[in-house]
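Undergrad: I would like to see how this sequence folds:
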Amino acid sequence: SQLGGWNTMHTTLLERGYAVGISSVRGTGNSGGCFTQGGPQEAVDTAIMIEHMASQPWSNGNVGIIGVSYPGTTPQDVWVQDTPALKAIVPISGISDLYKYNFVNGVPINIQGFGFNTYYWALVGAGPAGLAGGAQPLGDPTHVATAAAGEACTDQAEVQEGGVSSTVDGNKDAYWQVRDFGQELRDSPEKDAERAAVWFIHGLQDWNVKPHMMEDWIEDVQATGVPFKAWLGQWGHAWPGSRTCGDSAASVGAACRGDWWDEGLVAWFDQWLLEKDTGIMDAPAIQVQDDRGVWRHEESWPPATTPLRLHLGQGTLGEAATGTVSYFDGRGGLPALPIDDAVTQAVWRSEPFDHNTTFSGMPVFHGNVTASGMRASLVLSLQTEDPDGNRRSFNFCIQSLNHVDSIADGAADIGGLRQEVEVACFPQDDVVPEGHRLVVVASGNTVGSPAPGIQPISDGSTITIDLDGAWMEFPVDDSRIDEAPQPYKVLLA
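TA: Here you go, the predicted structure:
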């Protein structure tokens, strides 16, 4: 009954002779022990589970692992750990760095940055099954007692303290650093030759596990040389085949790839677990969908692009300029007070584009920025503007000005400090249509939706940007190879 969920996956694989196992991480579901939320022990546990499955008499010794969200995080964690029986993973909307699930460059995500460790433990860890019922029902009476006992543990105190301390300062401290799978991957290149094949899937409109999880991670995974494939669609937090495609404009970017279950998923696991040549690796390595709904092929991602640099002027986006532009940040976009400055935005508009232009990857802002208060952030919203003046937000650049020099040890007071800031926006794939303008809006919080849902910490600052040397650089993909035929009907927005 769930087109895109676990039921469909189980049915699809079981009917083809696969054995499907479900495991709750330590301290959740029926599993005993302490839920450490991405701590180093989780990968060790998952590796033990994989080797146990591989050693069963009904197994050929090859194991794959797949999931969405936290169950899509676990495959990436154990993949970095490496274990011999693991031959393929399919992480879907998975976390690569637990800090990034809670913060964007030092800026808290609302509400994760203010209490994720506590509420997520309550939902899936406490109980033993958690307030949300855990990852599976309490159908294993033998282990209920050990699962319940595992919640009163020293490690859980560390998890809760780690969440509280980062809420106060936004720092990526030691607690978060051991939950950064990308850093662990970069620190263990000797394991690359033995790591499993990866089919990486993420929604570019996933504002739960946000697209900045791909920043560095997707490039680092490709750099290991393992067999690699990626689908990057314009959907949210979902399986890529979660629904049936319709004919309305709402289907543009929907998670409705009809070739996912019976063709893609089965071919992937047949290739790596049954060791059949299914041709899945002859297909394009990267399939990415732009925000009009059009799929195309790339050899890698982010793809090779041509930089388009546009300077910030006095309301213009194009030619270099001098002087400054200032605005009040509204204490991170909170409701205004009578004493607040009325100017709460700075806006720059380009000339209309003379052809459809694809931005693929991460746009970058560079400039010198000064905040008048102790704590402040730079928040930029990128928009397109049609000939009638209607705007649509498509990306965001976010940087805590207290963490420009160090994400691990932010400055307590940056009031009056002029800082050179260079910050990447979210990884995206967007088209500026012919005749539309590009707009950049600087403000206390993001403008437009869908958006990453941040809540900057600010005591109320005037943000000043020096125009001399201030620019945005956009990665232009001018060598598109669109899929033909498209995997489903395209309705150009």
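Undergrad: could you pull out the strands in the stretch 301-450 of the chain for me?
TA: Here the stretch 301-450 of the chain has its strands, by DSSP state E, counting those that start in this stretch, at 306-312, 317-318, 324-328, 345-349, 357-361, 364-371, 377-385, 391-400, 418-424, 428-432, 437-443.
Undergrad: buried residues of the third one, list them for me.
TA: Which is strand 324-328. Neighbour-count burial for strand 324-328 flags 325, 327, 328 (criterion: 16 or more other Cβ atoms under 10 Å). In short, each C-beta sits where N, CA and C put it, glycine included.
Undergrad: export these as CSV, with columns for distance to residue 337 and pLDDT.
TA: Below are those laid out as CSV (distance: Cβ to Cβ, whole Å; pLDDT from 0 to 100):
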residue, distance to residue 337, pLDDT
325, 23, 97
327, 16, 96
328, 10, 95
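Undergrad: pick out whichever of those sits closest to residue 387.
TA: Residue 387 lies nearest to residue 325 out of the buried residues of strand 324-328, by Cβ to Cβ, at 25.7 Å.
Undergrad: name the nearest residue to that closest one, ignoring sequence neighbours.
TA: Distance criterion Cβ to Cβ, 6 or more residues apart in numbering; nearest residue to residue 325, sequence neighbours excluded, is residue 346 at 4.7 Å.
Undergrad: would you confirm that that neighbour contacts residue 324?
TA: No. Under the criterion of Cβ atoms under 8 Å, residue 346 makes no contact with residue 324, lying 9.9 Å away.
Undergrad: now residue 167: closest residue in space, sequence neighbours ignored.
TA: Distances taken as Cβ to Cβ, 6+ apart put residue 114 closest to residue 167, at 5.5 Å, once the chain neighbours are dropped.
Undergrad: buried residues, stretch 261-273. List them.
TA: Neighbour count says stretch 261-273 has 261, 263, 264, 265, 266, 267, 268, 269, 270, 271, 272, 273 buried, by 16+ other Cβ under 10 Å.
Undergrad: so what's residue 118 up against?
TA: By Cβ atoms under 8 Å, 6 or more residues apart in numbering, the residues touching residue 118 are 160, 163.
Undergrad: so how far is residue 84 from it?
TA: 37 Å (Cβ to Cβ, to the nearest Å).
Undergrad: can you map out the helices along this structure?
TA: All helices of the chain, identified by DSSP state H, fall at 6-14, 40-54, 70-81, 98-102, 116-120, 141-149, 154-169, 174-177, 181-186, 217-223, 266-272, 330-333.
Undergrad: would TSV of those with mean pLDDT be doable?
TA: Converted to TSV, the helices of the chain look like this (pLDDT from 0 to 100):
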stretch	mean pLDDT
helix 6-14	84
helix 40-54	95
helix 70-81	95
helix 98-102	95
helix 116-120	76
helix 141-149	51
helix 154-169	81
helix 174-177	93
helix 181-186	96
helix 217-223	95
helix 266-272	96
helix 330-333	88
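Undergrad: show me the one of the ones you listed that comes nearest residue 429.
TA: helix 217-223 (12.7 Å).
Undergrad: packing partners for the closest one?
TA: Of the remaining helices and strands, those touching helix 217-223 by 3 or more Cβ pairs under 8 Å, 6 or more residues apart in numbering; DSSP states H and E are helix 181-186, strand 197-203, strand 228-233.
Undergrad: return the most buried member of those.
TA: Ranked by mean neighbour count, these are led by strand 197-203 with a mean of 25 (mean count of other Cβ atoms under 10 Å).
Undergrad: okay, that one in CSV with CA atoms only?
TA: Only the C-alpha atoms of strand 197-203 are listed here, as CSV (Å, rounded to 0.1, in the frame of the first residue of the first chain):
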residue,chain,number,x,y,z
ALA,A,197,29.8,0.3,-4.9
VAL,A,198,27.7,3.4,-4.2
TRP,A,199,24.4,4.6,-5.7
PHE,A,200,24.0,8.0,-4.2
ILE,A,201,20.4,9.4,-4.3
HIS,A,202,19.4,12.8,-2.9
GLY,A,203,16.6,15.3,-3.5
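Undergrad: show me what that strand is packed up against.
TA: So strand 197-203, by 3+ Cβ pairs under 8 Å, 6+ apart, packs with strand 86-92, helix 217-223, strand 228-233, helix 266-272.
Undergrad: average model confidence for that strand?
TA: Across strand 197-203, pLDDT averages out at 97.
Undergrad: my read: residue 30 touches residue 24, true?
TA: Yes. With contacts defined as Cβ under 8 Å, residue 30 counts as touching residue 24 at a distance of 6.2 Å.
Undergrad: give me the more crowded residue out of these two.
TA: residue 24 (24 against 21; other Cβ atoms under 10 Å).
Undergrad: look up how far residue 45 lies from that one.
TA: 10 Å.
Undergrad: cool, and residue 74?
TA: 9 Å.
Undergrad: now do the shared contacts for those two.
TA: Residues touching both residue 74 and residue 45 (Cβ under 8 Å, 6+ apart): residue 25.
Undergrad: more neighbours, these two?
TA: A count of neighbours by other Cβ under 10 Å puts residue 74 above the other of residue 74 and residue 45, at 25 against 21.
Undergrad: pretty sure that one is touching residue 80, no?
TA: No. Using Cβ under 8 Å, residue 74 makes no contact with residue 80, being 11.1 Å away.
Undergrad: select the longest strand from this protein.
TA: Using DSSP state E to define each element, the chain has its longest strand at strand 462-476.
Undergrad: so where's the stretch 351-493 of the chain shaky on pLDDT?
TA: Low-confidence segments of the stretch 351-493 of the chain (pLDDT under 70): 489-493.
Undergrad: of the helices and strands packed on strand 197-203, which is nearest residue 350?
TA: From the helices and strands packed on strand 197-203, taking Cβ to Cβ, the stretch that ends up closest is strand 228-233, at 25.7 Å.
Undergrad: packing partners of that closest one?
TA: Counting contacts by 3+ Cβ pairs under 8 Å, 6+ apart, strand 228-233 packs against strand 197-203, helix 217-223, strand 286-289.
Undergrad: dump those to CSV, plus distance to residue 487.
TA: What follows is those, written out as CSV (distance: least, Cβ to Cβ, whole Å):
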stretch, distance to residue 487
strand 197-203, 14
helix 217-223, 21
strand 286-289, 8
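Undergrad: how close does the residue lying closest to residue 10 once chain neighbours are set aside sit to residue 425?
TA: Spatial nearest neighbour of residue 10, excluding adjacent residues (Cβ to Cβ, 6+ apart): residue 20 at 5.3 Å. Relative to residue 425, residue 20 is positioned 39 Å away (Cβ to Cβ).
Undergrad: neighbour count winner among those two?
TA: Remark: of residue 20 and residue 425, residue 425 carries more neighbours, 24 against 13, as counted by other Cβ under 10 Å.
Undergrad: so what pairs up with that one in the strands?
TA: Per DSSP bridges, the residues bridged to residue 425 are residue 397.
Undergrad: ok, it - contacts?
TA: The contact partners of residue 425, taken as Cβ under 8 Å, 6+ apart, are 362, 363, 364, 365, 380, 382, 395, 396, 397.
Undergrad: please redo it, this time with the cut-off set to 6 Å
TA: Residues near residue 425 by Cβ atoms under 6 Å, 6 or more residues apart in numbering: 362, 363, 395, 397.
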